[in-house]
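J.: kindly return the folded structure for what I paste below:
(chains A and B)
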Protein chains: 2
Amino acid sequence: MREPGSPLRVIAVDPGLTRCGLAVVDIAQNRSATLVDVKVVGSANTETIGNRLAVIDQAVESMLDQYAPHHMAVERMFAQNNTPTVIGTAQASGVVIAAAARRSVPVALHTPSEVKAAVTGNGNADKNQITSMVTRILRLAEPPRPADAADAIALAVAHAWRGGLYGRGLDTGKLTSRRTSSKFPTANKTGSLTPAQQAWLAAEKRGSR
Amino acid sequence: MREPGSPLRVIAVDPGLTRCGLAVVDIAQNRSATLVDVKVVGSANTETIGNRLAVIDQAVESMLDQYAPHHMAVERMFAQNNTPTVIGTAQASGVVIAAAARRSVPVALHTPSEVKAAVTGNGNADKNQITSMVTRILRLAEPPRPADAADAIALAVAHAWRGGLYGRGLDTGKLTSRRTSSKFPTANKTGSLTPAQQAWLAAEKRGSR
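T.: Residues are numbered from 1 along each chain as shown, chains lettered A, B, ... in the order given. All right, here's what the predicted structure looks like:
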């Protein structure tokens, strides 16, 4: 359980068999974020599916045990993502969600555009923008490496900023519908900033004076 | 480890969040099959994804621990299965494959048409044909209930008959390509029987005289 006023610890997973990003981030009540750990794990597609999922399983179990996060955030997938890797990516996401469920860690799902909007103010931001904003938000000396790590970090920050800090509506049952949650403040489609993002940017500007 | 000449014990999983079929079947060297256990588990789509995957996870872990199968067979999925439930089904399959991998149980993947061809001789067989053949092959007094159970049982039998009994080529790494294995005897597309199926049918006829 999280003490009132203490930071929210989020483990975020950008699932995949070849590259699976896992980030643990602490987010304080004032929305400042601190990177606890980040790694990218995976295996070649010449491995068996059992071995490939075992790599993901062991990595997420190890981080859940080591860091005891309050919430897990996972990228929400849609059946419309009709790429050759969609099945493997969904299998990897199932493995990490089940690992969280075994520990009663609530799981929230966010779409890539929700993450981009929360972190950059633009739901169509490119990888460079995500990396740039993550580097600033986490006050990192240089961009996270490997590049895939930035997506997992962005997901953790977006989860907290989208409502995770206040413990609302964390667990969503449906993965297959395009249902959007109206509980959370979100940047609108035109790319304007949410009140939370405006507050953060203002705080950032004050801090860097 | 399996003793030479002893039956092959297969756990087969027909994955899904709403209905997940799990069957444990012993298949002797002479290809006769005995049903050990079968169940269908699942949850309503009003549940959270964490809770839904936990139901599958607990069921498969419990059966793996109770029955110590030699192999797991899981339905192979393709990205082309562009149905609304494909993501949830893939997540469930990831959970069961990871549970097998944690116990070093080798996992084999078979397509629905491979299973239909192995069990009925026709890769386009309908549900009634599958149920009818499963009832005969397992020498059951009546068709397995619920109906979804028959698919998991058919998958277990097909796995053994397609080469699992001889321990070859069990684990396949790629889920997303339409690669077909030429290692196993398979009924051809016109619906004729494999030598294994002919042998089984002949033995069945002798036995029922």
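J.: ok, longest helix in chain A?
T.: Identified as the longest helix of chain A according to DSSP state H is helix A:49-67.
J.: how about that helix and chain B, any contact?
T.: Yes. Using C-beta under 8 Å from any C-beta of the partner chain, helix A:49-67 reaches chain B at A:Ile49, A:Gly50, A:Asn51, A:Arg52, A:Leu53, A:Ala54, A:Ile56, A:Asp57. In short, each C-beta sits where N, CA and C put it, glycine included.
J.: tally of neighbours for the first one?
T.: Neighbours of A:Ile49 under the rule other C-beta atoms under 10 Å in any protein chain shown: 28.
J.: could you do the third one as well?
T.: The burial count assigned to A:Asn51 is 16, neighbours taken as other C-beta under 10 Å.
J.: start to end distance for stretch A:97-117?
T.: From its first residue to its last, stretch A:97-117 covers 24 Å (C-alpha to C-alpha, to the nearest Å).
J.: can you give me the buried ones in it?
T.: Residues of stretch A:97-117 classed as buried: A:97-102, A:105-117 (neighbour count, 16 or more other C-beta atoms under 10 Å in any protein chain shown).
J.: filter the residues you listed down to the ones in strands?
T.: Secondary structure from DSSP state E places A:Val107, A:Ala108, A:Leu109, A:His110 of the buried residues of stretch A:97-117 in strands.
J.: got JSON lines for those residues, with distance to chain B and pLDDT too?
T.: As requested, these are exported to JSON lines (distance: C-beta to the nearest C-beta, whole Å; pLDDT from 0 to 100):
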{"residue": "A:Val107", "distance to chain B": "4", "pLDDT": "96"}
{"residue": "A:Ala108", "distance to chain B": "10", "pLDDT": "95"}
{"residue": "A:Leu109", "distance to chain B": "7", "pLDDT": "94"}
{"residue": "A:His110", "distance to chain B": "13", "pLDDT": "94"}
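J.: max pairwise distance over these: which two?
T.: Using C-beta to C-beta, the pair of these lying farthest apart is A:Val107 and A:His110, separated by 10.7 Å.
J.: list residues touching both of the two?
T.: Common neighbours of A:Val107 and A:His110 are listed as A:Ala73, A:Val74 (criterion: C-beta atoms under 8 Å, 6 or more residues apart in numbering or on different chains).
J.: helices of chain A, start to end?
T.: With DSSP H, the ranges of helices along chain A come out as A:49-67, A:86-102, A:112-120, A:127-137, A:148-161, A:195-207.
J.: least reliable of those helices going by mean pLDDT?
T.: Confidence, taken as mean pLDDT, is least for helix A:195-207 of the helices of chain A (a mean of 49).
J.: before we move on, back to that, reformat the ones in strands among the buried residues of stretch A:97-117 as JSON lines; add distance to A:Pro143.
T.: Below are those laid out as JSON lines (distance: C-beta to C-beta, whole Å):
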{"residue": "A:Val107", "distance to A:Pro143": "28"}
{"residue": "A:Ala108", "distance to A:Pro143": "25"}
{"residue": "A:Leu109", "distance to A:Pro143": "26"}
{"residue": "A:His110", "distance to A:Pro143": "22"}
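J.: specify which member of those residues is nearest to B:Pro7.
T.: Taking C-beta to C-beta as the measure, B:Pro7 lies nearest A:Val107 of those, at 39.6 Å.
J.: check contacts around that closest one.
T.: Residues near A:Val107 by C-beta under 8 Å, 6+ apart: A:His71, A:Met72, A:Ala73, A:Val74, A:Ile97, A:Ala100, A:Ala101, A:Leu170, A:Asp171, B:Thr48, B:Ile49, B:Gly50.
J.: distance check, the residue nearest the centre of chain A against A:Ala108.
T.: Nearest residue to the geometric centre of chain A (C-alpha atoms, centre = their mean): A:Leu155, 2.2 Å. In this view, A:Leu155 and A:Ala108 are 10 Å apart by C-beta to C-beta, to the nearest Å.
J.: which neighbours do the two share?
T.: Common contact partners of A:Leu155 and A:Ala108 (C-beta under 8 Å, 6+ apart): A:Ala73, A:Val74.
J.: now A:Ala90. Nearest residue, chain neighbours left out?
T.: Closest residue in space to A:Ala90, ignoring its immediate chain neighbours: B:Ala90 at 3.5 Å, by C-beta to C-beta, 6 or more residues apart in numbering or on different chains.
J.: go ahead and confirm A:Val13 touches A:Leu22.
T.: Yes. With contacts counted by C-beta atoms under 8 Å, A:Val13 reaches A:Leu22, the gap being 5.4 Å.
J.: what about the two, which has more around it?
T.: Neighbour count, other C-beta under 10 Å: between A:Val13 and A:Leu22, A:Val13 has more, with 29 against 26.
J.: need the contact list for that one.
T.: Taking C-beta under 8 Å, 6+ apart, we find A:Val13 in contact with A:Cys20, A:Gly21, A:Leu22, A:Val60, A:Met72, A:Ala73, A:Val74, A:Glu75, A:Ser93, A:Val96, A:Ala152, A:Leu155.
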